[in-house]
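Asks: could you look at this predicted model? Sequence included:
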Amino acid sequence: MDIGTVDSMANHADELSYRQPGSREAVKAARDAVTAAEELVAAEVPGARLRLARTLWRLASARSGEGLPAAQQDALRCWTVCRSLLERPDPAEDQNYVVSRIALWLGVVHPVLSLTGRLADAVEAMEWMSPAARGATGTYGDLAKARLEIFTYTPIAEAYGDAREAGRYAEIAGSLQDMLARAAQTLAILRQHATEGPSEAGEYAHAVRIGSRLVTVTGDLQLAARMLDEAEEVSASVAGAGPPFRDLADDIRQERDRLAMYVPRQ
């Protein structure tokens, strides 16, 4: 067993998860990749822990189709390995890249832990990752920061929307402008990576959708609609990659449809 073989197995597991999410074949491929990565870790092969974290992330994602409790232990193991990579960086890897990947994997790991009663572990993950992302540099450092920002402005967009509907817009106006500036920077970073693959394209489209919700709170429905138009175009471009991407494209299209009565499609 070597790094190249494990990477190929992990790529295969990714592809099956795109094409057959939650299927027996997808789960088996992910589990086989985990087993192979564990062999490398046991042999202390440089780069092995990063592969193990990646394969555990994929397994947690694949098994979440069985229900979040089924994915809990895989998510917890993934975070444990990720934490070890933050505590004891692997000299074989670019640590900035490692941090950017962990930030991506938290998109699965964090909600699984949060929603299955492992709130302390979910909080710990963010407490470790926030300073790690701040300290990361270069292109991957920027990407890590952008990915963590999505965790910040997703719930804030909903909270600000609720505040506006409740007639409390004046209370949030100042902080909303700050959040819009942060969101714009996040989107600019994610846009640079959107052509790297279906996952990155979907990540960007989702972030643009959330950004449009923040803009909607300001009342600028024209800009919000243009942002959704872009998110719809990007998500549609990768909808053929598999059901998760098709579902994302459908969700974004429906969200744009709801704005059509105010801002008609061109």
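Replies: Thanks, I have it. Numbering: from 1, shown residues only.

Asks: how about the strands in this structure?
Replies: Assigned strands in the chain: none (criterion: DSSP state E).

Asks: list the contacts for the residue of it most remote from its centre?
Replies: Here the centre of the chain is the reference, and by CA atoms, centre = their mean the most remote residue is G167, at 32.3 Å. Neighbour list for G167: empty [criterion: CB atoms under 8 Å, 6 or more residues apart in numbering]. To be clear about C-beta, it is placed using only N, CA and C from the backbone, and glycine gets the same treatment.

Asks: what residues are up against the closest residue to A53 other than its chain neighbours?
Replies: Closest residue in space to A53, ignoring its immediate chain neighbours: V81 at 4.3 Å, by CB to CB, 6 or more residues apart in numbering. Counting by CB under 8 Å, 6+ apart, V81 makes contact with 49, 52-53, 56.

Asks: and the gap between the closest residue to Y160 other than its chain neighbours and L223?
Replies: In this structure, Y160 finds its nearest non-sequential neighbour in V217, 4.6 Å apart by CB to CB, 6+ apart. Distance, V217 to L223, using CB to CB, to the nearest Å: 12 Å.

Asks: go on, A183?
Replies: Following CB to CB, the distance that separates A183 from L223 is 12 Å.

Asks: higher neighbour count, these two?
Replies: A183 (25 against 15; other CB atoms under 10 Å).

Asks: my guess is that one contacts L214, does it?
Replies: Yes - between A183 and L214 there is a contact under CB atoms under 8 Å: 5.7 Å.

Asks: overlap in contacts, those two.
Replies: Y153.

Asks: how about R147: what's its closest non-neighbour residue?
Replies: Nearest residue to R147 in three dimensions, chain neighbours excluded: A103, at 3.7 Å (CB to CB, 6+ apart).

Asks: and for E149?
Replies: T186 (4.3 Å).

Asks: got the contact list for the one you found?
Replies: 145-146, 149-150, 153, 207, 211.

Asks: any of these buried? List them.
Replies: 145-146, 149-150, 153, 207, 211 (16 or more other CB atoms under 10 Å).

Asks: minimum pLDDT in those, which residue is that?
Replies: The lowest pLDDT within the buried ones among the contacts of T186 belongs to Y153, which sits at 87.

Asks: please report how far that one lies from S61.
Replies: Y153 is 23 Å from S61, by CB to CB.

Asks: ok, T139 next?
Replies: Counting by CB to CB - T139 and S61 are separated by 25 Å.

Asks: comparing the two, which residue is more hemmed in?
Replies: S61 (27 against 14).

Asks: pLDDT value on that one, please?
Replies: 93.

Asks: G22 contacts A70, correct?
Replies: No - G22 lies out of contact with A70 (CB under 8 Å); the separation is 10.1 Å.

Asks: which residues do the two both contact?
Replies: With CB under 8 Å, 6+ apart, G22 and A70 have common neighbours 63-64.

Asks: against A194, how distant is V234?
Replies: For V234, the distance to A194 - CB to CB - is 6 Å.

Asks: so for those two, which residues contact both of them?
Replies: The contact lists of V234 and A194 share 201, 204-205, where a contact means CB under 8 Å, 6+ apart.

Asks: so which of those residues is the closest to D2?
Replies: A201 (30.2 Å; CB to CB).

Asks: so what's the closest one closest to, chain neighbours aside?
Replies: Nearest one to A201, counting by CB to CB, 6+ apart, is V238 at 4.6 Å.

Asks: for the one you found, give me its contacts.
Replies: Per CB under 8 Å, 6+ apart, neighbours of V238: 198, 201-202, 245, 249.

Asks: now the residues you listed as TSV including neighbour count?
Replies: Below are those laid out as TSV (neighbours: other CB atoms under 10 Å):
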residue	neighbour count
P198	20
A201	23
G202	24
F245	21
A249	22
